[in-house]
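Asks: sequence? don't have it. structure:
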């Protein structure tokens, strides 16, 4: 732990021009310390303020100058006091000189560690860089910055600068801004300093790197283009999901006087015999079993190893394809980066030549990857060329995992073009919808992206760390309300909607908006308004409402056949399944058979109401899935069946409920006109008479 310990100095501008954003600076710095309390408890953090009315630092006492720079907290191991100090930053009254603050911070680190100690040391500057920098006693400002940068490199210090440019002060001149930006850019070029510009509180909250994650290679070896052509490459993780910290069980049973108690909870498992529950089975007598139907098949470790797939460690090229063939939504899991073996000139040239050729031809490479020996699975992914525009950074490849056939989910949805004309939007509605979508664009042309991925923190994690720190000090504290900055990430931006109220009002005027009842997902697509031009009367409407209300409590269990107890619910559940294209056809076929059984097995019409409910559900399902012919053909066949079996009373029952065929008005694929649909059962009734 001590080997990876970091010492960080926060250089915070608290001058008058920063007063507006100081609350956000307090939040981001407090969050940094709160995360270190979880992940890096041995790290040290110090706080230096510049732009203050007072002056308090050793350099002022030793050599003079460096005014309005205060060492609020010398470097110390992170604790709760640091969080409280960062949550109550004083408001400065003078313009801050960030070069003075950097020199004071360097002096503290040099005196603490000396010139030979190579521990991790970092300076973090947060300012708006709107105040002028004083001229040095000798030389130029550029020369002074170059000297400071050389000292940073010599002493192994890292540095990052976060420039906040929200709500610029009217008195700030463009000349001062350009000069300060030029000086900060010198730091970025001469050292490994990171320079970031932010314009919003949410970007500031994600701009400060709160965790140090050392890059580790997941593969070192050959990129095999062919059996005779190989390139030495290293593979690093480029992105990774940030997860909740591991929360271990804690025990308070240890005596309070025991200073060495770890309070850890250890869990032991005992396996006992079924025949003799009092007998504990030792490890050498245990074997893993795998279920195969109702049986449990034991497989010894030696047998498992014999049949286990053990691919060789390798990265092999399978071929090239046009970049347009690999869509963005194909990417899975985290992204990696392929770089040439550092120090291997031939490998660097080979990677650069391949990347630039692929870029010129607009190609990507498909590769088969096994990162380590004995890895249980093979990964197929795509290499996208990443051509560098900087001289000191070589070309590389971005790698993304591609899905296998088993990973692809095919969702079957009917085309909007198949819906009747009455359901299609007109030009005015389409234009209103387009305007609404455009105003919700988070990256409009000419403006900064609202929620930049690299600068947008995870609001759930941010709130978790804050609440964890609060509970450590006040165990009975309630969950605090959501922070205003995090609300901008999780909730719609009220300013965006107020500025575009006209487009929203136009959308409302163009469409008839109704409240959607809160229903389960499995029933949302079923409970729809009765289509315009429907030929059904009051009796049919009553039955429709009754049958639809009965499916509100449909089980989330996957139904594979229509049962006798709740056939309508089973039918609707099968129709809503999207894990395969066969379920819609199977549901319609099973429902037809169920209706035949109900009608044929009916005694004096006792099954007619239930059969009608099934017919109503089948009709609605065929309309939604654009299968009108299946219902119309079935209704013809059902009426013919009733005449042949002397079940004319069922046809009379359908006529009284005004059940009709599906017309072109309800489904564009239907071959039945409105008049034919209305007169179908009337004709059938005439034939019966």
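Replies: Happy to help now that I have it. Note that the structure is predicted; figures quoted are calculated from it, not measured.
Asks: Now residue 22: closest residue in space, sequence neighbours ignored.
Replies: residue 89 (5.8 Å; Cβ to Cβ, 6 or more residues apart in numbering). To be clear about C-beta, it is placed using only N, CA and C from the backbone, and glycine gets the same treatment.
Asks: Do I have it right that that neighbour meets residue 25?
Replies: Yes. Counting by Cβ atoms under 8 Å, residue 89 touches residue 25, with 7.1 Å between them.
Asks: Give me the common contacts of these two.
Replies: residue 12 (Cβ atoms under 8 Å, 6 or more residues apart in numbering).
Asks: For these two, work out which one has more neighbours and name it.
Replies: Using other Cβ atoms under 10 Å as the criterion, residue 89 and residue 25 rank with residue 25 on top: 24 against 19.
Asks: How about the more buried one, nearest residue that isn't a chain neighbour?
Replies: residue 126 (5.7 Å).
Asks: Quick one: mean pLDDT for the helix or strand that neighbour falls within?
Replies: Secondary structure assignment for residue 126, by DSSP states H and E: strand 120-127. Computed over strand 120-127, the mean pLDDT rounds to 89.
Asks: can you give me how far that strand is from the chain middle?
Replies: 29 Å (Cα atoms, centre = their mean, to the nearest Å).
Asks: Spell out, range by range, the strands that occur in the stretch 251-400 of the chain.
Replies: 289-292, 295-298, 314-322, 332-340, 363-370, 379-386, 396-401 (DSSP state E, counting those that start in this stretch).
Asks: So for residue 121, which of the ones you listed sits nearest?
Replies: strand 332-340 (26.1 Å; Cβ to Cβ).
Asks: Please name every helix or strand in contact with the closest one.
Replies: strand 230-237, helix 345-361, strand 396-401 (3 or more Cβ pairs under 8 Å, 6 or more residues apart in numbering; DSSP states H and E).
Asks: shaky segments in the stretch 451-600 of the chain?
Replies: 513, 516-558, 578-579, 581 (pLDDT under 70).
Asks: and with 80 instead?
Replies: 493, 512-560, 565, 576-583 (pLDDT under 80).
Asks: Ok, the stretch 51-200 of the chain next?
Replies: 114-119, 166-173, 192-193.
Asks: Hmm, residue 308 and residue 376 touching each other?
Replies: Yes. Between residue 376 and residue 308 there is a contact under Cβ under 8 Å: 7.2 Å.
Asks: show me what contacts the residue nearest to residue 22?
Replies: 12, 14, 22, 25, 26, 49.
Asks: Same list, the residues you listed, but as JSON lines with pLDDT please.
Replies: Formatted as JSON lines, those follow (pLDDT from 0 to 100):
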{"residue": "12", "pLDDT": "93"}
{"residue": "14", "pLDDT": "92"}
{"residue": "22", "pLDDT": "90"}
{"residue": "25", "pLDDT": "90"}
{"residue": "26", "pLDDT": "89"}
{"residue": "49", "pLDDT": "94"}
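Asks: For the stretch 101-250 of the chain, which segments count as helices?
Replies: 141-154, 174-190, 201-207 (DSSP state H, counting those that start in this stretch).
Asks: For those helices, give me TSV that also has distance to residue 675.
Replies: Shown next, in TSV, are the helices of the stretch 101-250 of the chain (distance: least, Cβ to Cβ, whole Å):
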stretch	distance to residue 675
helix 141-154	87
helix 174-190	76
helix 201-207	61
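Asks: and residue 642, what element?
Replies: helix 628-644.
Asks: could you point out which element follows that helix?
Replies: helix 648-656.
Asks: same for that next one, what does it pack against?
Replies: Helix 648-656 packs on helix 608-624, helix 628-644, helix 674-688, going by 3+ Cβ pairs under 8 Å, 6+ apart.
Asks: mind listing what's buried in it?
Replies: For helix 648-656, the neighbour count (16 or more other Cβ atoms under 10 Å) marks 648, 650, 651, 652, 653, 654 as buried.
Asks: re earlier: just say which of the helices and strands packed on strand 332-340 is most tucked in.
Replies: strand 396-401 (a mean of 22; mean count of other Cβ atoms under 10 Å).
Asks: Residue 305: how many residues sit nearby?
Replies: 9.
Asks: so how far is residue 313 from it?
Replies: 18 Å (Cβ to Cβ, to the nearest Å).
Asks: Go through the strands of the stretch 251-400 of the chain and name the closest to residue 413.
Replies: strand 332-340 (22.3 Å).
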